[in-house]
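Enquirer: Let's see this in three dimensions:
(3 chains)
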Amino acid sequence: MTLEQLSYYIAMAGTVAFASSAVLAVADRKVDLFTAVVLGTITAIGGGTVRDMILDVPVFWSLDQNYVYVSVVVSILAFYASGFFRRKSIHRLFLYVDGFAVAMFAIQAMAKVWKLDFGVPTAPIALGVVTAIGGGLIRDVLVGRPTLLMSRELYAIPVLIGCILFAAVLHFAPEYGFLGAIVCVGVTFGIRAAAIRWNLQVPGWAIMGYKPSESYEADRGTGG
Amino acid sequence: MTLEQLSYYIAMAGTVAFASSAVLAVADRKVDLFTAVVLGTITAIGGGTVRDMILDVPVFWSLDQNYVYVSVVVSILAFYASGFFRRKSIHRLFLYVDGFAVAMFAIQAMAKVWKLDFGVPTAPIALGVVTAIGGGLIRDVLVGRPTLLMSRELYAIPVLIGCILFAAVLHFAPEYGFLGAIVCVGVTFGIRAAAIRWNLQVPGWAIMGYKPSESYEADRGTGG
Amino acid sequence: MTLEQLSYYIAMAGTVAFASSAVLAVADRKVDLFTAVVLGTITAIGGGTVRDMILDVPVFWSLDQNYVYVSVVVSILAFYASGFFRRKSIHRLFLYVDGFAVAMFAIQAMAKVWKLDFGVPTAPIALGVVTAIGGGLIRDVLVGRPTLLMSRELYAIPVLIGCILFAAVLHFAPEYGFLGAIVCVGVTFGIRAAAIRWNLQVPGWAIMGYKPSESYEADRGTGG
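Expert: Alright, predicted model coming up:
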């Protein structure tokens, strides 16, 4: 298996994770199959779509429609087999796959934008984050629930850290770009995985207007 | 009258239906005239705008500004004459015109995307749906009310059925494309009209996590 | 200092005002630093980004990344020094700077769109308004609070008045375009400043379904 193929399979696994987690995230809203498929697909391909629209390149799923097919099929499966996907062990597995996909999509997107020499270095970082979390944001807005941005979950922050790190690599040591990409995916995923494993949240002192005496509740399970 | 002209007049009637239904949909929110015009116009041209941005072609209303003028004028009329537009018979008439416009916009958009050979067949279907319901989604998000996707109304599903059907025609029998378009508009509108006439909703068994003992209320009147 | 430089400095001051007012607007939501930076930056550059995507030109901040840098730095400052930015005199000053920036961004955007001969005259007006208020709309949607459009504040209406006036100048007396731009910025800012100074709101008779006996509360402080 070549590296390209590996990367492609990982992207597809990420699409599976994004679409299924999206459908599960709205399971309590009594949505119908159509809405489930729309939300699953938007979550899976929405971030990359916004990225490509800003980049002014053809949207990636118009060139490779497998992303759409996988999103639709997985959304349908998640709709009908939500019991399976909700099993604690499966759910947990998907949280990690989702975390890995987020990391990989962000770094892949950065590499793409950087190669186009588009607004280096801020645009690659911004569009890396948009690719990773944009679909989930659109989903939450359409569903009418608080977005990722209003939660204390450590979901987007690891992505930002990984992207800034990768920008540093590409700027100061471009010859190590490939190695850097692997390390940055690892760092992003590592922080996210630790957050899942130990239920880490954004620490109180990093919250605006935080007073130590107040208590917070974690209001969201998983993002996308 | 040529067919092109007929199609153009229908598109304009659809724009009227979209803009007016949008303004009426927010009538209870005490919006001002400016907001009414913005929401009416976004509902009428928003879906097609997103489609053209994804397609990377000039947005349609920059080439034919009548869409903007009609949207603005109709929004103003609907704002000041909301009493007229709300009359039961008029309201009902507009529901049907809206349903017909939705069907026609979706199929027209599909034909446009298919001709550009853009991501055939998934992109034409996806962008057909986006064209038909995208403007209404943006409106609902800006207004802060539950979007179409969270309702059980049969609004978007007929569009999807019509689009898939039309994709099948264009793929398997492209020589019947024109006839197929008419039939698919008819099918889409037919289902929608039946839903308006007999108050049909998405059946319970097609809802995730549905339990027959629960009761639902229909929470939205009209979409757009 | 040339005029170009002056215009550039004003744009940067506007970016400062947009980003800082956005962060302050969500100060009560207990957001973390990452979210503050994302919201501040989206508010500052979001409207122009949507404009450039519709125009199909490279987004402005990919060509001049100072807009991003300024947004990020100011958002961080506003996050940590929200006490300073909230001081009554400073807050009031920023309301005016914000109002001036809104006026200037709208007129600048109009000039840009008009020069591209893109959908003249409706597209320049529409995109002028989008540039001025689009970022604030996206922010409010992501935060989950009522958007500008649902408020009675005189924020977007002065922009629309200024844009229509400027369109009239560019159409009927293009040789006075530069003078007209200054006057239109002045008119837009003048109305907005009066609204800030005397707490003006959209008058009751311009509200759909308004009944004089009802009382309204002003539900939003500042826009963006």
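Enquirer: how about the residues of chain A near chain B?
Expert: Residues of chain A lying near chain B by Cβ under 8 Å from any Cβ of the partner chain: A:23, A:26-36, A:38-39, A:41, A:49, A:53, A:56, A:58-59, A:61-63, A:65, A:68-69, A:79, A:82, A:141-144. Glycine gets a C-beta too; all of them are placed from N, C-alpha and C.
Enquirer: Mind checking which of these land in helices?
Expert: Judged by DSSP state H, the residues of chain A next to chain B include A:23, A:33-36, A:38-39, A:41, A:49, A:53, A:61-63, A:68-69, A:79, A:82, A:141-143 as members of helices.
Enquirer: and the gap between the residue of chain A found nearest chain C and C:Ser7?
Expert: Of all residues in chain A, the one sitting closest to chain C is A:Gly119 (3.3 Å; Cβ to the nearest Cβ). Remark: distance between A:Gly119 and C:Ser7 (Cβ to Cβ, to the nearest Å) = 21 Å.
Enquirer: These two - which one has more neighbours?
Expert: Comparing A:Gly119 with C:Ser7 by other Cβ atoms under 10 Å in any protein chain shown, the one with more neighbours is A:Gly119, at 24 against 13.
Enquirer: Spell out which helix or strand contains that one, please.
Expert: Counting by DSSP states H and E, no helix or strand carries A:Gly119.
Enquirer: Tell me which residues touch it, please.
Expert: A:113, A:126, C:59, C:61-63, C:65, C:68 (Cβ atoms under 8 Å, 6 or more residues apart in numbering or on different chains).
Enquirer: make it 10 Å
Expert: With contacts defined as Cβ atoms under 10 Å, 6 or more residues apart in numbering or on different chains, the neighbours of A:Gly119 are A:54-55, A:113, A:125-127, C:58-65, C:68.
Enquirer: Let's see stretch A:136-153 as CSV, backbone CA atoms only.
Expert: Provided in CSV are the C-alpha atoms of stretch A:136-153 (Å, rounded to 0.1, in the frame of the first residue of the first chain):
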residue,chain,number,x,y,z
GLY,A,136,-19.5,20.6,12.8
LEU,A,137,-20.2,24.3,13.2
ILE,A,138,-22.6,24.3,10.3
ARG,A,139,-24.4,21.2,11.7
ASP,A,140,-24.8,22.7,15.1
VAL,A,141,-26.2,26.0,13.7
LEU,A,142,-28.7,24.1,11.5
VAL,A,143,-29.8,21.9,14.4
GLY,A,144,-30.0,24.9,16.7
ARG,A,145,-27.8,23.7,19.5
PRO,A,146,-24.8,25.5,21.0
THR,A,147,-21.8,25.3,18.8
LEU,A,148,-18.5,23.8,19.6
LEU,A,149,-17.2,27.3,20.2
MET,A,150,-19.4,27.8,23.2
SER,A,151,-18.3,24.6,24.9
ARG,A,152,-15.3,24.0,27.2
GLU,A,153,-14.4,20.8,25.5
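Enquirer: So which elements touch the top helix by length along chain A?
Expert: As assigned by DSSP H, the longest helix anywhere in chain A is helix A:88-115. Secondary-structure packing of helix A:88-115 (3 or more Cβ pairs under 10 Å, 6 or more residues apart in numbering or on different chains; DSSP states H and E): helix A:3-25, helix A:33-55, helix A:82-86, helix A:122-143, helix A:156-172, helix A:177-198.
Enquirer: C:Leu165 is nearest to which of the ones you listed?
Expert: C:Leu165 lies closest, by Cβ to Cβ, to one member of the helices and strands packed on helix A:88-115: helix A:33-55, at 31.4 Å.
Enquirer: For stretch A:78-93, buried residues please.
Expert: Neighbour-count burial for stretch A:78-93 flags A:78-79, A:82, A:85, A:91 (criterion: 16 or more other Cβ atoms under 10 Å in any protein chain shown).
Enquirer: Determine how far that stretch lies from the middle of the whole chain.
Expert: Taking Cα atoms, centre = their mean, to the nearest Å, one finds the center of stretch A:78-93 at 19 Å from the center of the full chain.
Enquirer: who touches that stretch?
Expert: A:16-17, A:19-27, A:31-37, A:40, A:74, A:77, A:94, A:196-197, A:221-222, B:206-209.
Enquirer: can you check stretch A:165-179 too?
Expert: Identification of contacts with stretch A:165-179 by Cβ under 10 Å, 6+ apart yields A:3, A:106-107, A:110-111, A:114-115, A:120-122, A:124-125, A:128, A:180-181, A:183-185, A:187-188.
Enquirer: Just the C-alphas of it, formatted as PDB.
Expert: Extracted in PDB, the C-alpha atoms of stretch A:165-179 (Å, rounded to 0.1, in the frame of the first residue of the first chain):
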ATOM      1  CA  LEU A 165       3.300  23.800  15.000                       C
ATOM      2  CA  PHE A 166       3.000  22.600  11.400                       C
ATOM      3  CA  ALA A 167       3.200  26.100  10.100                       C
ATOM      4  CA  ALA A 168       6.500  26.500  12.000                       C
ATOM      5  CA  VAL A 169       7.800  23.300  10.500                       C
ATOM      6  CA  LEU A 170       6.900  24.400   7.000                       C
ATOM      7  CA  HIS A 171       8.400  27.800   7.500                       C
ATOM      8  CA  PHE A 172      11.600  27.000   9.200                       C
ATOM      9  CA  ALA A 173      12.300  23.500   8.100                       C
ATOM     10  CA  PRO A 174      10.300  22.700   4.900                       C
ATOM     11  CA  GLU A 175      12.600  19.900   4.100                       C
ATOM     12  CA  TYR A 176      11.100  18.000   7.100                       C
ATOM     13  CA  GLY A 177       7.500  18.800   5.900                       C
ATOM     14  CA  PHE A 178       6.500  15.100   5.700                       C
ATOM     15  CA  LEU A 179       7.900  14.100   9.000                       C
END
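Enquirer: Which of the residues in it are classified as buried?
Expert: For stretch A:165-179, a neighbour-count test (16+ other Cβ under 10 Å) marks A:165-167, A:169-170 as buried.
Enquirer: Tell me how far that stretch lies from the chain's centre.
Expert: Centre-to-centre, stretch A:165-179 and its host chain are 22 Å apart (Cα atoms, centre = their mean).
Enquirer: What residues does A:Gly186 make contact with?
Expert: A:100, A:103, A:107, A:162, A:193 are the contacts of A:Gly186 under Cβ under 10 Å, 6+ apart.
Enquirer: ok, the residue nearest to the second one when sequence neighbours are not counted to A:Leu137 distance?
Expert: The reference is to A:Ala103. Counting by Cβ to Cβ, 6 or more residues apart in numbering or on different chains, A:Ala103 lies nearest to A:Thr188, which is 3.7 Å off, once chain neighbours are set aside. A:Thr188 sits 18 Å away from A:Leu137, going by Cβ to Cβ.
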